[in-house]
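K.L.:
Next one to model:
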Amino acid sequence: MFTSAMSYCVMLNIGHLITTLTAVFFVIASYVILFSAFLPLSGVYALDVLVQDTHYKYFALFIIPMGAYFAIANWVGWQYYQNS
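P.N.:
Residues are numbered from 1 along each chain as shown. The predicted structure follows:
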């Protein structure tokens, strides 16, 4: 069984993983949206497709934060509904 110390370490590692993945996503999105105009193509097919696109690269990169905002707004609305 898990002890509280083991559970704490697991949760701490999950927090580190989420923070690391968020930073990686931010760096990749920054490259595709901002820095790609000043830098040459990277050679990674998926990144190069997003860099060369002029419209849908924003959709592909903003769908993750918009999905998170949508989920949070629905949760808040559900809390208002439950407490009214």
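
K.L.:
Just the pLDDT for A5.
P.N.:
Note for A5: predicted pLDDT of 68.

K.L.:
So which elements touch the lengthiest helix in the chain?
P.N.:
For the chain, the helix with the greatest residue count under DSSP state H is helix 4-33. In terms of contacts (3 or more CB pairs under 8 Å, 6 or more residues apart in numbering; DSSP states H and E), helix 4-33 is packed against helix 45-52, helix 56-82. All C-beta atoms are positioned from the backbone trio N, CA, C, and that covers glycine.

K.L.:
ok now it, how far from the chain's centre?
P.N.:
10 Å (CA atoms, centre = their mean, to the nearest Å).

K.L.:
what about the chain, any weak spots by pLDDT?
P.N.:
1-3, 5 (pLDDT under 70).

K.L.:
again, only this time at 90
P.N.:
1-12, 22, 25-26, 28-44, 46-66, 68, 80, 82-84 (pLDDT under 90).

K.L.:
Just say which of the helices and strands packed on helix 4-33 is most tucked in.
P.N.:
Each of the helices and strands packed on helix 4-33 was scored by mean neighbour count; the highest is helix 45-52, a mean of 14, by mean count of other CB atoms under 10 Å.

K.L.:
Perfect, I'm done here.
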